[in-house]
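>>> Could you work out the structure for the sequence below:
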Amino acid sequence: MKVVDKSDNVSLHYKGTLSDGQLFDSSEGKDPLTFEVGSGQVIPGFDKAVVGMKLEESKVFTIPSDEAYGDVKEELVYEVPVSSIPAELNPHEGQRLVSNLEDGRQIPVTVTAVKEDSITLDANHPLAGKDLTFDIKIVAIN
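Residues are numbered from 1 along each chain as shown. Below is the predicted model:
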């Protein structure tokens, strides 16, 4: 029976949870996730976990933060004046915004604090610093 190897295209269903059991993503009710193993299309720990699995095999595994979205980088958390955010956005904690960089690039940020004169933005990935647990089932290997 074929097993997943580097450069194979695999399709799988998955459920992703945090260490407290909170669901952060799932393919339930959707098409399976399909990717080429080892191509960098998924986080490194996910790539490693599927190698050697067989068709229809299920597995539960935890990816430490350093093999997922990395540690939280404090230099990616910064304050901006309230006046730099359009008032119609009505910024509030947890809100996702897009920040314009000086070089013209845009990056997604999360509002982490709102004060009278400033807003704290976090450009880290929302799952940075978190260990991720996945429950997966391989549905195709090509």
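>>> nearest residue to the residue most central in space within the chain other than its sequence neighbours?
The residue lying closest to the centre of the chain (Cα atoms, centre = their mean) is L127, at 5.4 Å. In this structure, L127 finds its nearest non-sequential neighbour in Y69, 4.6 Å apart by Cβ to Cβ, 6 or more residues apart in numbering. Placement of C-beta: from N, CA and C, glycine included.
>>> Buried residues, stretch 28-47. List them.
Within stretch 28-47, the residues scored as buried using 16 or more other Cβ atoms under 10 Å are 33, 35, 37-38, 42-43, 45-47.
>>> Mind putting these into TSV with secondary structure, pLDDT and distance to I136?
Putting these into TSV (DSSP: H, G, I helix; E, B strand; the rest coil; pLDDT from 0 to 100; distance: Cβ to Cβ, whole Å) gives the following:
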residue	secondary structure	pLDDT	distance to I136
L33	strand	97	9
F35	strand	97	12
V37	coil	97	13
G38	coil	95	17
V42	coil	95	11
I43	coil	92	13
G45	helix	89	12
F46	helix	91	9
D47	helix	90	12
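>>> With distance to Y14 added, can I get the residues you listed in JSON lines?
As requested, these are exported to JSON lines (distance: Cβ to Cβ, whole Å):
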{"residue": "L33", "distance to Y14": "6"}
{"residue": "F35", "distance to Y14": "11"}
{"residue": "V37", "distance to Y14": "14"}
{"residue": "G38", "distance to Y14": "18"}
{"residue": "V42", "distance to Y14": "10"}
{"residue": "I43", "distance to Y14": "12"}
{"residue": "G45", "distance to Y14": "13"}
{"residue": "F46", "distance to Y14": "9"}
{"residue": "D47", "distance to Y14": "13"}
